[in-house]
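Student: here's my sequence, what's the structure:
(chains A and B)
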Amino acid sequence: MTFKTSVEFVRRFACLTISVGLVACGETSERDLAGADRVFQTQLIEQLIDAQPGDIIEIPEGIFAFDRSLSLIVDGVTLRGQGMDRTILSFQNQIVGAEGLIVTASDFTLENLAIEDTVGDGVKVNEGNNIVIRGVRVEWTAGPRTENGAYGLYPVQTTNVLLEDNIVIGASDAGIYVGQSENVVVRRNRAERNVAGIEIENTFNADVYDNVATENTGGILVFNMPNLPQRGYQTRVFDNQIFANNTGNFGHAGTPVASVPAGSGIVINSNDDVEIFNNEISDNRTANIIISSLHSANYAGYAAQDNFDPYPEGIHIHGNTFSGGGNDPDGLDLQALKLLLVGPLGRMPDVVWDGYFDADKLIDGTMPDALRICLDNSDAGLVNVDGPNDYASPEIVTDQHQCSLAPLPAVELAAAR
Amino acid sequence: MKIRLLLGALTLLVAACSPPQMAPTFISEGNPALLSEWGMMQSDGSRLTLSDGVMAFDLNTPLFTDYAHKQRTIWIPDGLQAEYREGEVLDFPVGTVITKTFYYPRGENSDEVVRTNQRADGWRSDGLVLTDLRLMETRILVHREDGWTALPYVWNAEQTDAHLSRAGHIQRLTLLSDRQNSQDFAYVVPNANQCAGCHAVNNTTRELLPIGPAARHLNRVYEYPEGPANQLQTLVDAGYLDTWPGGDQTPRAAALFDAMAPLNERARSYLDINCAHCHNPVGPADTSGLHLNFNAPLNANLGLCKLPIAAGGGTGGRHHTIVPGQPNLSILLYRMEIMDPASLMPELGRSTVHDEGVALISEWISSLEGTCA
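Tutor: The predicted structure follows:
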């Protein structure tokens, strides 16, 4: 059994579920742009071209329609609206550009506006230091649809990144996606009805706290992917509310998140040194926490680089509040596994581990403390689903993982602004 | 300098039936509102001619831009010259002005253009006859003290001059293949910031650079009025380039339509000019881990059995960038065939499918051996 089979299961039935859902809640459609301002586009594009370091570009209240993406290539610019419900940049009519706004610059601040219905990503920041995105709403206004853009807020190869007080709805990949970055704070955001609510990928030193992730397919993801210049480790996920992330997976086949089963609270995949504490995690129907390796994430036959480490190591789970969840796993195979383990009325342990570990790292048959998966969370349980043996002998192994690790350091942003 | 003088003389000879000559000018700052202010070319609406000393050139395999034809020129102020570089773009002095003019053969109705493959028209001393051509835009790349600046100019309806359009422009056109087949598309003039989307080939330094005038792209024969000659040799003869090692010692990108060139070389050349300005190890698309530059080794970073990273709908439901022998399972090909702006590649400058490019890359992937399972 693999996540892949569960995804195929989802694929077969999710469309039905989603379309029924949409019909049931009445026809969902994108924002009506009848009264939108279509002239402002040229002015804003020219302001972005003429921007000088230190400039603050204020966008007035209103609904503004764009037919092409915006781009900024100058350091030190602030782009500011009058509030995420007052200044609305709609890209519903977009015919060119892979993002709503693409920024290739440092010392950038984006705040207090909304970006809606982009054909691709909402906001992408590609390489830069000191990036602040706050009070921004990125939304696909017709709700979860596979044809929505991939990412809402997408800083990649950035350093010193602060994402706070944002709302992201409807991304067909991740609402907030931080890729290949360093020194990252993601706080007080709300991510709902995305495939992945918040995803930290190939990133070093990230703090994810005080966020709400609900009604996504998976709430908060900490992933590592091969063939990239930077590997990820050292992420703290704490003080978040992660509940009822049960939306059917509407991601595109072939993308990493398409392998996430609906009903996943937190998923750690191939990442190391991840501390998960003081979160309220509830009612995620497959599992409240999943710890897995690239091996079980439907990537059979991948051509990873030789030195890629697919094993999640140094995982520390403590002080979280769990309730509900694990009662109705996504996919027939996971259902069967649950039946076998806890019966029809039981629920899966709060932590599900696929069971892959690096035998080469064992010393005298045991994993060194710093590399262990540690669960120090009152009565929460951990199940090893025995992925390496094709899920032949799943077993609840809570006792073997009762340990704790040294706390990870808090992220300090170099230029907190 | 001989050829430059000779060309000057030729231009004078035909001056009687051509638009009045202007002197090429290096404008060191500001944003001139009209293309004519640069003095690189002039049009009276019936004929577009190049000014004295402005040299046309072409590339072995050019970037595809919706079947537009392109006239490229270089001009370097008197007394200055570029320095030869083997693996990268030539090192042009401050003052250099490069232009690229996009145009189509006209259809019968307005806003109809004819689909034809790009080809080198040759350097006609009497210029481009505009009667049957639709001029779209001319992009200026000027090397100023603080680096290269990109400025897009959109031609007026009379085709007498082009106006600066820094915010870009979208022109709805119909592309005619033949009498039966046509397709509507949006011809997109990028805005000045978007120029950096391709021309900042290193996303860390973000320095704007020309892409085409590298030795491997220029190393070819061009039809000059005096007869065919190698472009690099001609640049040296004109005093525009300090030196070059000669044809056999200089890298040469294979031409897309050169049936004599090996399939692998044509495919890699095509990927290089169409993709590698972003997909190189320091480019904006290094985030994907996919490197398509001409000298990238054949491995996972060239896409072989490589997993997508942040492709979103760009996977087309496929699992690997390139599946050897299986073009229809390869994300690379999907992204060349798809029209959705969120998924298509390249991200800018393509609103149609380049059938000939798709055929080439499909054939190349088919020729690769191995499996991903």
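
Student: CA only for contacts and neighbour counts going forward, please
Tutor: Noted.

Student: can you list the low-confidence ranges for chain B?
Tutor: Where chain B drops to pLDDT under 70, the residues are B:1-18, B:118-125, B:373.

Student: from the chain's centroid, how far away is the host helix or strand of residue A:208?
Tutor: Element membership of residue A:208, judged by DSSP states H and E, is strand A:204-209. Mean-position distance between strand A:204-209 and its chain equals 12 Å (CA atoms, centre = their mean, to the nearest Å).

Student: and if you look at stretch A:130-146?
Tutor: 13 Å.

Student: how long is it from one end to the other?
Tutor: 32 Å (CA to CA, to the nearest Å).

Student: close enough to count as contact, residue A:372 and residue A:315?
Tutor: Yes: under the criterion of CA atoms under 8 Å, residue A:372 makes contact with residue A:315 at 6.4 Å.

Student: re the thing from before, show residues contacting whichever helix or strand comes after the strand holding residue A:208.
Tutor: Going down the chain from strand A:204-209, the next helix or strand is strand A:212-214, by DSSP H and E. Here strand A:212-214 makes contact (CA atoms under 8 Å, 6 or more residues apart in numbering or on different chains) with A:188-193, A:197-198, A:219-220, A:240-245.

Student: and the longest strand for the chain?
Tutor: Went with chain A since none was named. strand A:121-139 (DSSP state E).

Student: wait, chain B
Tutor: strand B:133-144.

Student: that one packs against which elements?
Tutor: strand B:97-105, strand B:147-155 (3 or more CA pairs under 8 Å, 6 or more residues apart in numbering or on different chains; DSSP states H and E).

Student: got phi/psi on residue B:300?
Tutor: phi -60, psi -30 (degrees, to the nearest 10).

Student: so it touches residue B:320, yeah?
Tutor: No: Residue B:300 is beyond contact range of residue B:320, at 9.7 Å (criterion: CA under 8 Å).

Student: which residue ranges of the stretch 301-417 of chain A form helices?
Tutor: A:332-342 (DSSP state H, counting those that start in this stretch).

Student: brain fart, the stretch 51-200 of chain B
Tutor: B:192-199.

Student: and the gap between the residue nearest to residue A:339 when sequence neighbours are not counted and chain B?
Tutor: The shortest distance from residue A:339 to any non-neighbouring residue, by CA to CA, 6 or more residues apart in numbering or on different chains, is to residue A:346 (8.0 Å). Going from residue A:346 to chain B by CA to the nearest CA, to the nearest Å gives 35 Å.

Student: run a quick neighbour tally on residue A:346.
Tutor: 13 (other CA atoms under 10 Å in any protein chain shown).

Student: that one and residue A:325 touch, don't they?
Tutor: No: with contact defined as CA under 8 Å, residue A:346 does not reach residue A:325; the gap is 10.1 Å.

Student: near chain B, which residues of the stretch 101-250 of chain A show up?
Tutor: A:104, A:119-121, A:126-127, A:146-147, A:149-151, A:156-157, A:172-173, A:180, A:225, A:227-229 (CA under 8 Å from any CA of the partner chain).

Student: around chain A, pick out the residues from chain B.
Tutor: B:166-167, B:188, B:191-194, B:196, B:203-204, B:284, B:287-289, B:300-301, B:304-313, B:315-320, B:340-343, B:347-348, B:372-373.

Student: in strands only, show me these.
Tutor: residue B:188.

Student: now a PyMOL select for only the buried ones of the residues of chain B next to chain A.
Tutor: To isolate the buried members of these in PyMOL, using 16 or more other CA atoms under 10 Å in any protein chain shown:
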select buried, chain B and resi 166+167+188+191+192+193+194+196+203+284+287+288+289+300+301+304+305+306+307+308+309+310+311+312+313+315+316+317+318+319+320+340+341+342+343+347+348
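
Student: coming back round to it: now the helices and strands packed on strand B:133-144 as TSV including mean neighbour count and distance to residue A:265?
Tutor: Shown next, in TSV, are those (neighbours: other CA atoms under 10 Å in any protein chain shown; distance: least, CA to CA, whole Å):
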stretch	mean neighbour count	distance to residue A:265
strand B:97-105	21	52
strand B:147-155	22	48
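
Student: for these, give me a markdown table that also has distance to residue B:90.
Tutor: Formatted as a markdown table, the helices and strands packed on strand B:133-144 follow (distance: least, CA to CA, whole Å):
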| stretch | distance to residue B:90 |
| --- | --- |
| strand B:97-105 | 12 |
| strand B:147-155 | 13 |
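
Student: closest one to residue A:162 among those?
Tutor: Of all the helices and strands packed on strand B:133-144, strand B:147-155 sits nearest to residue A:162, with 31.5 Å by CA to CA.

Student: chain center to that closest one, what's the gap?
Tutor: The answer for strand B:147-155 is 14 Å, by CA atoms, centre = their mean.

Student: mind listing what that strand pairs with, with the direction of each?
Tutor: strand B:133-144 (antiparallel), strand B:162-164 (antiparallel) (DSSP bridges).

Student: overlap of the contact sets of residue B:300 and residue B:320?
Tutor: residue B:306.

Student: what residues of stretch B:198-215 count as buried?
Tutor: For stretch B:198-215, by 16+ other CA under 10 Å, it's B:198-203, B:206, B:208-215.

Student: nearest to residue A:274, of those residues?
Tutor: When the buried residues of stretch B:198-215 are compared against residue A:274 (criterion: CA to CA), the nearest one is residue B:203, at 29.9 Å.

Student: ok, the closest one touching residue A:106?
Tutor: No: using CA under 8 Å, residue B:203 is not in contact with residue A:106; the gap is 11.7 Å.

Student: what sits in contact with each of the two?
Tutor: Joint contacts of residue B:203 and residue A:106 (CA under 8 Å, 6+ apart) are residue A:127.

Student: before we move on, the earlier item: could you flag which of the residues of the stretch 101-250 of chain A next to chain B are buried?
Tutor: Buried among those by 16+ other CA under 10 Å: A:104, A:119-121, A:126-127, A:146-147, A:149-151, A:156-157, A:172-173, A:180, A:225, A:227-228.
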